[in-house]
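Peer 1: sequence and predicted structure are below.
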Amino acid sequence: MASWIQRQNGSHQAQLAATAVLSGAAVAGAILGLQKFRRREAVKRLKASIPAIDERHRAESLNEYGAAAPGPYWSKEDERGAALARRAQEGDYDEELILEQLARNRVFLKDEGLAKLREAFIIVVGCGGVGSHAVASLARSGVSKIRLIDFDQVTLSSLNRHALATLADVGTPKVHCIRRRLQQIVPWVRFDCRNELFGGSVADDLLAPWSLNDADKGQKPVYVLDCIDNIQSKVELLHYCHTHSIPVISSMGAGCKSDPTRVMITDISVSSDDRLSRSTRRRLKLLGVTGGIPVVFSTEKPGPGKATLLPLAEEEFAKGQVDELSVLPEFRSRILPVLGTMPAVFGYTLANHVICEVSGYPTDYSMGGKGKDKLYDTIHAQLLVSVERLTRAESESGAQPLGLRLPMSRDDIIYLVDEIWRGKSVVTGLPSRLALTLWQRPANGFKPDPLWAKEGQICVPFKPEDLVLMTKEEATRHEKEVLLGGKKVEELYSEEIIQKVNQRQKEMAYYEQFR
């Protein structure tokens, strides 16, 4: 055996074979080593190409299965829109084209108003049916910096009321859906998308100044739009804005509503006929906030045949723990019927308010005549009581003027409260506990008119332009010091208030010819 091995070692062919094997192993090792080196370098380059997580590049949370949220399907049109938006936001977009697109707004708001709108940074919290229409209107009207905040994704049921979502967007975050669609319309608008659930614990971050790395970094928001339908998040947002002096307007419930003529803007302290508004108002009151927040709400009342919150099946109640059916705490566990047009009405009303406020366009909202029958009847009755009291004080005997009538119809009351005084006190601008009172003491005092008395009518003559709208407390003081005490209005009120009264009286005299 040993001799055989020696013979083989001495064989030339065996030596060549061994050399070939060794050479092949060396070449293979070199190739494998080179490949490993190249892979390592490629991984380094790939890692280096990934941007750091910052304000511009945010990390999305993984779902419960440890996977990232599915990305949107990008069509060629989407890719073109994204490319154009990148160029536009870097300054590669003709200013004249922007002004031409905003031409109608420009002639309405004037150059100064449009400039204010284009410089504004606005935050929209909630990007569903109401929020999407509000964002679309703001962006189309010239707002160039918008932060979108919403944790939810587009669903099939969203498509009946969402302003911008399509079938291709189902399953994608609402904030990215809005940005993707609007950058094809207004590519110069910069969107800061936050795919997060708003809450008090993250309010400092989500409502912080503009954070993208550009010339406007650090700019504070000029307005916040609350389009949330979760009561807890809504209250936390409104409380934060109120305590930090950030202007905010809130949308109340659009669900189960069908009458667009009853949608209006008022202070949250006097909003009515709306469960969401009532619950929000009560919770804010516990936090020390009783007013100062404008809201969009509907005075429409429920009635036979109208939509209501859908009931839960009996088997669900039998299981117990009904609250577990909601997606998140404080969210509805039942389906709220929504007519697709009503969220749009609410959203456009929100946007309209913000556009006018930011641009400086004059607005004087009225409480409106619809659904306010009790309010007008109360003001009419209080005015009669006030005149009777003044007449009794003027009477030598102090007798009650039986059968006293007012030269004022209910329609006159509605006209004065809504059209002339815009549903607010002329003294403080407060919209609650209102009363009409005479501004000046009549030349002939408060004695019934003798000419009318001959006709069997007991009436103190005065005209609509003689009346002003105040709160009940202000009217009581005014009656005591001016109408009975003999003081002049100049002694009691500022020049600004007196000028406002004079201006409204001139308005009234002008419009009286058309009534």
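Peer 2: Good, I have the coordinates.
Peer 1: hey, where'd the helices end up in the stretch 151-300 of the chain?
Peer 2: Secondary structure of the stretch 151-300 of the chain (DSSP state H, counting those that start in this stretch): helices at 174-182, 203-206, 231-243, 275-286.
Peer 1: quick check: which of the ones you listed is buried the most?
Peer 2: Ranked by mean neighbour count, the helices of the stretch 151-300 of the chain are led by helix 174-182 with a mean of 25 (mean count of other C-beta atoms under 10 Å). In this view, the C-beta of every residue, glycine as well, is placed from N, C-alpha and C.
Peer 1: now could you export just the CA positions of stretch 199-214 as PDB?
Peer 2: Presented in PDB, the C-alpha positions along stretch 199-214 are these (Å, rounded to 0.1, in the frame of the first residue of the first chain):
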ATOM      1  CA  GLY A 199     -54.300  63.400  21.400                       C
ATOM      2  CA  GLY A 200     -53.300  65.700  24.200                       C
ATOM      3  CA  SER A 201     -50.000  63.800  24.700                       C
ATOM      4  CA  VAL A 202     -48.800  64.600  21.200                       C
ATOM      5  CA  ALA A 203     -50.400  68.000  20.800                       C
ATOM      6  CA  ASP A 204     -47.100  69.900  21.300                       C
ATOM      7  CA  ASP A 205     -45.600  68.000  18.400                       C
ATOM      8  CA  LEU A 206     -48.500  67.900  16.000                       C
ATOM      9  CA  LEU A 207     -49.500  71.600  16.500                       C
ATOM     10  CA  ALA A 208     -45.900  72.800  16.500                       C
ATOM     11  CA  PRO A 209     -44.600  75.500  14.100                       C
ATOM     12  CA  TRP A 210     -43.800  74.600  10.500                       C
ATOM     13  CA  SER A 211     -41.000  72.000  10.600                       C
ATOM     14  CA  LEU A 212     -40.000  71.300   7.000                       C
ATOM     15  CA  ASN A 213     -36.500  72.500   6.100                       C
ATOM     16  CA  ASP A 214     -37.300  75.500   4.100                       C
END
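Peer 1: tell me the mean pLDDT over that stretch?
Peer 2: Per-region confidence: stretch 199-214 scores 92 on mean pLDDT.
Peer 1: tell me the buried residues in that stretch?
Peer 2: By neighbour count on 16 or more other C-beta atoms under 10 Å, the buried set for stretch 199-214 is 203, 206-207, 210-212.
Peer 1: out of the helices of the stretch 151-300 of the chain, which gets nearest to V222?
Peer 2: Proximity to V222 (C-beta to C-beta) singles out helix 231-243 among these, at 11.9 Å.
Peer 1: backbone phi and psi for R161, please?
Peer 2: Backbone dihedrals for R161, given as degrees, to the nearest 10, come out at phi -140, psi -10.
Peer 1: so it makes contact with A344?
Peer 2: Yes: between R161 and A344 there is a contact under C-beta atoms under 8 Å: 7.2 Å.
Peer 1: shared neighbours of these two, anything?
Peer 2: Any residue near both R161 and A344 by C-beta atoms under 8 Å, 6 or more residues apart in numbering counts here, and that gives G129.
Peer 1: does the nearest residue in space to L434 that is not next to it in sequence count as helix, strand or coil?
Peer 2: Setting aside the residues directly before and after it, L434 is nearest to L469 in space (C-beta to C-beta, 6 or more residues apart in numbering), at 5.8 Å. Counting by DSSP: H, G, I helix; E, B strand; the rest coil, the backbone at L469 sits in strand.
Peer 1: after the lowest-mean-pLDDT helix or strand in the chain, which helix or strand is next?
Peer 2: Taking mean pLDDT, DSSP states H and E as the measure, the chain has helix 314-319 as its least confident helix or strand, at a mean of 48. Going down the chain from helix 314-319, the next helix or strand is helix 341-359, by DSSP states H and E.
Peer 1: quick revisit: you'd agree the residue nearest to L434 is up against W421?
Peer 2: Yes: taking contacts as C-beta under 8 Å, L469 lies within contact range of W421: 3.7 Å.
Peer 1: the residue nearest the centre of the chain: what's it in contact with?
Peer 2: Centroid check for the chain by C-alpha atoms, centre = their mean gives L225 as the closest residue, at 2.7 Å. The contact partners of L225, taken as C-beta under 8 Å, 6+ apart, are 122-126, 131, 134, 248-249, 251, 350-351, 354.
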